[in-house]
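**Student:** how would this look folded up:
(chains A and B)
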Amino acid sequence: MPSEDAAPRLDVDQILADPGVRIVVCCGAGGVGKTTTAAALALRAAEQHGRRTVVLTIDPARRLAQSLGLTELDNTPRQVKGIEVEASGGELHAMMLDMKRTFDDVVLQHTDPTKAAEIFANPFYQAMSSTFAGTQEYMAMEKLGQLHARGEWDLIVVDTPPSRSALDFLDAPARLSRFLDGRMLRLLLAPARTGGRSMFTLVTAGFGMFSKVVQKVLGAQLLTDLSGFVAALDSMFGGFRQRAEQTYRILQARETAFLLVAAPESDAVREAAYFAGRLREERMPLAGLVVNRVHRPVVELDAAASLAAAERLVELGGHEATVDVLRAHAALARQSVRERQVAARFTEAFPAVPAVSVTAQPADVHDVDGLRTIGAALSRP
Amino acid sequence: MRAAEPPAEPAGPGWPSRLHVVTGKGGTGKTSVAASLALALAAGNRRTLLVEVEGRQGIAQLFGTDPLPYEERHLTDAPGGGEVRALAVDAEEALLEYLDMFYRLGAAGRALRKLGAIDFATTIAPGLRDVLLTGKVKEATTRTAGQRRTYDAVVLDAPPTGRIGRFLNVTAETARLAKVGPIKTQSEGVAALLRSPMTAVHVVTLLEEMPVQETVDAIGELAQLGFPVGRVIVNGTRPPLPVGREVTAAELRRGLLAAGLPADRATVTGLVGEARDQQVRRGLEDSLRADLVELGLPMTELPLLPDGVDRAGLATLAELLGRAD
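**Tutor:** Next up is the predicted model:
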């Protein structure tokens, strides 16, 4: 297969079996099968490589969640029963991220109960912990940090949130900790304190005005709430930033392997290439590319030859069933060529990144058997 | 081409609204569908505006143009003398524009922006961002020049199904934070437009389990929130398979031989397997299609384009969307 010959082949089993690899992060655009890939990898690590594995999913399809026993949203890993680990001695645990609860836990951990209660009651905290753009990404990283710190697992497989852009996942911790660091908040809430140096006169004037504008536009109540929120969180700023930085360093370490997941579509491949560039910039270890849901005809007969043969049979008459099969094959062959061209764009840009393709399953995957099939397809030589 | 007379009627019987909000699960092709719809509604000497709000520059990528600025720009001509313009709404720019309109910030506004204060303001109040984005869309939809509206239709490439309810439900989000003031008034105006017959929310899906599930969920949520749901647009469909039954190895072997093709065992089993897989897939697609039909909404199917969505592909999709009734 031309596009795959060009890229080195990604050996998923080597990664899953390597005791030095403790974290596998699956990332990519929305709708490319990240969650399924993450779950399939985790199952394979437990069943085939005997590792004590936990998979952190973000927003799994209902039936997939059920098949992993994720019926309770209790924000802690649950052991997945009924998998084949007798021979390998591995274990699979699974959990679904509860964004708000994770945030609450962080607050509780960094402050006393009275202050925590105050924070929980603040409308800003409520808005931020449930809707702040980036909170889900940040909390996924926070949860990863927690799981890693517990040291109970050989391998943590992480699914990433369906961000509007895959980059949010890397940027959110920095953005959130910048926000919580509160320089802007303090300036906004206490414009008088910042006055003095002439260089900043315009800026300071701007702030006074800004503060006034915010009061006018949003109302004074909002500023009071915001002020309360900042005061309550004040003691936690350092802790937040420290944690975000810690997780960031874990992601850069050798124990982590990033897997990009894409579908053979322009958008998804473009996003994957963008992400690969970002990982390189951030010096994060990119292990390879998984191209999901590719269509591969079993029979090597190109689309044109297949259609020509179908035409001949139409003229001959009497071979309707074969004509239909040949036409269906031609459509499949054409789609396959197109998909390879799209996937090749990634390889042209990142020729050294290993890649593997997973053939589209005829039916959707929502049980352990299906995940096992995907895992095998990911590893097939 | 006839003289520039304002067309009085809506573009097609299938698209009676003026503001078309296009959502769908990520990966279903909602940007391509939104762009094709803008093209379809511009056909016949009309003018439409295609808007994106997520800073993804999806429109520029689709049309192979430079990144779109926060400015309404000519994007492409439509058949019959029409025009599609495009706009990438940026929450920061919208806030500055809004503040300028009310408070004349001038240089102070630019200084604030350098400091990141504007980014900050649009971030602290999550609902504020969406009010600014939808507010701009409302302004473009209702804008008039002389006696006629500037745009015959506005098509919004909206956030995906998972966030669409929260995005459109601006009053609820801002009410949590702003109890009084111009933002509250603004959000109420936006909410009124979004809940009026001027607006239709269309949901794009594929015949796959997750997108269909999210479509059903989103439509339920939109209906509950009181937003008018327009069409379900099924993207990437394939023509029905002619094979109604499973082909036998023997008849396939005869056919292949008659066509002068190799008919060895591997080829025959391979082709039988391919046909069977396709049957399974189509069976699943049929049951998903039935789930969508059950929603009781108008439905439009768009074909999978074998060569991807290029300009010709967009024209094909636009043609099909324009014919919807």
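
**Student:** any chance you could map the helices in the stretch 101-250 of chain B?
**Tutor:** Remark: helices of the stretch 101-250 of chain B, listed N- to C-terminal, are B:107-114, B:117-124, B:126-142, B:161-168, B:170-175, B:182-194, B:209-225, B:249-258; assignment by DSSP state H, counting those that start in this stretch.

**Student:** what helices or strands is the longest helix seen in chain A leaning on?
**Tutor:** If you go by DSSP state H, chain A has its longest helix at helix A:320-349. Using 3 or more C-beta pairs under 8 Å, 6 or more residues apart in numbering or on different chains; DSSP states H and E, the elements in contact with helix A:320-349 are helix A:2-6, helix A:266-281, strand A:286-294, helix A:303-316, strand A:355-359, helix B:249-258, helix B:265-293. C-beta coordinates here come from the backbone N, C-alpha and C atoms, glycine included.

**Student:** what about the stretch 51-200 of chain B, any weak spots by pLDDT?
**Tutor:** Within the stretch 51-200 of chain B, the ranges that satisfy pLDDT under 70 run B:99, B:101-127, B:173-182.

**Student:** do that again at 80, thanks
**Tutor:** B:55-56, B:91-92, B:95-129, B:170-186 (pLDDT under 80).

**Student:** got the contact list for B:Thr31?
**Tutor:** Residues touching B:Thr31, when contacts are defined by C-beta atoms under 8 Å, 6 or more residues apart in numbering or on different chains, comprise A:267, B:52, B:56, B:58-59, B:62, B:157.

**Student:** cutoff 7 Å now
**Tutor:** B:58-59, B:62, B:157 (C-beta atoms under 7 Å, 6 or more residues apart in numbering or on different chains).

**Student:** again with B:Arg18
**Tutor:** Listed by C-beta under 7 Å, 6+ apart, the contact set of B:Arg18 reads B:141, B:153-154, B:198.

**Student:** I'd say A:Arg296 and A:Ala343 touch.
**Tutor:** No - counting by C-beta atoms under 7 Å, A:Arg296 does not reach A:Ala343; the two are 11.7 Å apart.

**Student:** starting at the chain centroid, how far to stretch B:29-36?
**Tutor:** Averaged C-alpha coordinates place stretch B:29-36 at 5 Å from its chain's average position (C-alpha atoms, centre = their mean, to the nearest Å).

**Student:** With just CA atoms, put that stretch into CSV.
**Tutor:** Taking only C-alpha atoms (Å, rounded to 0.1, in the frame of the first residue of the first chain), the coordinates of stretch B:29-36 have been written out as CSV:
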residue,chain,number,x,y,z
GLY,B,29,-19.2,17.8,7.4
LYS,B,30,-21.3,20.7,8.8
THR,B,31,-18.9,23.4,7.4
SER,B,32,-19.2,21.9,3.9
VAL,B,33,-23.0,21.7,4.2
ALA,B,34,-23.2,25.3,5.6
ALA,B,35,-21.1,26.5,2.7
SER,B,36,-23.2,24.6,0.1
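
**Student:** tell me the mean pLDDT for that stretch?
**Tutor:** Confidence over stretch B:29-36, taken as the mean pLDDT, stands at 95.

**Student:** residue farthest from the centroid of chain A?
**Tutor:** Note on chain A: the largest C-alpha distance from the chain mean falls to A:Leu316, namely 53.8 Å (C-alpha atoms, centre = their mean).

**Student:** Find the residue closest to that one in space, skipping its chain neighbours.
**Tutor:** Distances taken as C-beta to C-beta, 6 or more residues apart in numbering or on different chains place B:Ala258 nearest to A:Leu316, at 5.9 Å, with adjacent residues excluded.

**Student:** Identify all contacting residues around stretch A:308-327.
**Tutor:** When contacts are taken as C-beta under 7 Å, 6+ apart, the neighbours of stretch A:308-327 outside the stretch itself are A:306-307, B:242-243, B:247, B:251-252, B:255-256, B:258-259, B:261, B:271, B:275.

**Student:** and with 10 Å instead?
**Tutor:** Stretch A:308-327 is contacted from outside by A:299, A:301-303, A:305-307, A:328-330, B:239, B:241-248, B:251-261, B:263, B:268, B:271-272, B:274-275, B:278, using C-beta atoms under 10 Å, 6 or more residues apart in numbering or on different chains.

**Student:** Ends of it, what's the gap?
**Tutor:** This stretch, stretch A:308-327, spans 9 Å end to end (C-alpha to C-alpha, to the nearest Å).

**Student:** before we move on, back to that, who wins for neighbours among the contacts of B:Arg18?
**Tutor:** Counting neighbours by other C-beta atoms under 10 Å in any protein chain shown, B:Val154 leads the contacts of B:Arg18 with 29 neighbours.

**Student:** so how far is stretch A:292-311 from its chain's centroid?
**Tutor:** If you compare the mean C-alpha spot of stretch A:292-311 with that of the full chain, they lie 34 Å apart, counting by C-alpha atoms, centre = their mean.

**Student:** quick check, stretch B:301-318 touching chain A?
**Tutor:** Yes - residues of stretch B:301-318 are located near chain A by C-beta under 10 Å from any C-beta of the partner chain, namely B:304-310.

**Student:** Right, I'll leave it there.
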